[in-house]
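Peer 1: Pasting the sequence and the predicted model now:
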Amino acid sequence: MAITTIINDDFSVLKTDADILLQFIASQYSRTLARRNSSHKMIDDVQMNWVKSMFNINKNVSQFKESFEAESIDYGNFDYTADNFRSISAMNAVNGLVLFEMLKDLSFHLLENNTDDEFIIGDQPVVLCNWLLSSYIFTKNIPVNSSPIAIGAQLFMPLSPKLYICLYDSKVYKYGSKS
């Protein structure tokens, strides 16, 4: 309902129903296959680090310690079932609710497309951009600016083929001015 109201040029909903809109944007950000895969990788990495740590703690007391070479150890891998993926998706839904609370301090700006081309709406509707931290170096293949709650994060989501909404930190960015 809030999106329909905005599309029909009634922007008062940005003040009255901002929480509903933020909940929708947070859920759209958290629900995608890419987010599930990212969560899956994070869980897998944590489990693998746990296995490696347990091995390192116990390797010197093992009766087989002479046969272990750190480079030749196969730590195995973790297989996930459909139930595990459903659990990961459920965890992401909860993360969407947490994200909603963390987005409450952001401001809204609507971007109107006055061209003949329409905005593209895809399977991953919320686009994350962070110009402020874009020059930072990647850490362990994860950019420091990849979090929607990092300083300088901007979230963009199409509301219609001609209207985009942007969530941004008004302490970092100024929208609506030529500068």
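Peer 2: Yep, that arrived. Every value quoted in this text rests on a predicted model; they were computed, and no experiment measured them.

Peer 1: And the helix or strand hosting residue 88, what's buried?
Peer 2: Residue 88 belongs to helix 82-103 when assigned by DSSP states H and E. By neighbour count with 16 or more other CB atoms under 10 Å, helix 82-103 contains the buried residues 88, 89, 92, 95, 96, 99, 100, 103. Yep, even glycine has a C-beta here, placed from its N, CA and C like the rest.

Peer 1: so what's the last one up against?
Peer 2: Yep, that's residue 103 we're talking about. Each residue near residue 103 by CB atoms under 8 Å, 6 or more residues apart in numbering is listed here: 22, 25, 26, 148, 149, 155, 167.

Peer 1: How about the backbone phi and psi for the third one?
Peer 2: Translated: residue 26. Phi and psi for residue 26, reported as degrees, to the nearest 10, are phi -60, psi -40.

Peer 1: Pretty sure it sits against residue 96.
Peer 2: Yes: the pair residue 26 / residue 96 is scored as a contact, 4.6 Å apart, by CB atoms under 8 Å.

Peer 1: re earlier: give me the lowest-pLDDT entry from the buried residues of helix 82-103.
Peer 2: Scanning the buried residues of helix 82-103 for pLDDT, the low point is residue 89. It has 72.

Peer 1: gap between it and residue 102?
Peer 2: Look at residue 89 and residue 102: by CB to CB, to the nearest Å, they are 20 Å apart.

Peer 1: and the helix ranked longest in the chain, what does it pack onto?
Peer 2: In the chain, taking DSSP state H as the definition, the longest helix is helix 33-58. Packing contacts for helix 33-58, counted by 3 or more CB pairs under 8 Å, 6 or more residues apart in numbering; DSSP states H and E, involve helix 82-103.

Peer 1: now the angle from the helix it packs on to helix 33-58?
Peer 2: 100 degrees (axes from the mean of the first three to the mean of the last three CA atoms, to 10 degrees).

Peer 1: hang on, the earlier thing: for the longest helix of the chain, buried residues please.
Peer 2: So helix 33-58, judged by 16+ other CB under 10 Å, has buried residues 35, 36, 39, 40, 43.

Peer 1: ok, the first one touching residue 92?
Peer 2: It refers to residue 35. Yes: at 5.5 Å, residue 35 counts as touching residue 92 under the criterion of CB under 8 Å.

Peer 1: which neighbours do those two share?
Peer 2: By CB under 8 Å, 6+ apart, no residue touches both residue 35 and residue 92.

Peer 1: For this structure, which helix or strand comes out least confident on mean pLDDT?
Peer 2: helix 33-58 (a mean of 74; mean pLDDT, DSSP states H and E).

Peer 1: Surely residue 112 and residue 163 touch.
Peer 2: Yes: applying CB under 8 Å, one finds residue 112 in contact with residue 163, separated by 6.0 Å.

Peer 1: if you count what's nearby, which of these two comes out ahead?
Peer 2: Neighbours per residue, other CB atoms under 10 Å: of residue 112 and residue 163, the larger number sits with residue 163, 16 against 9.
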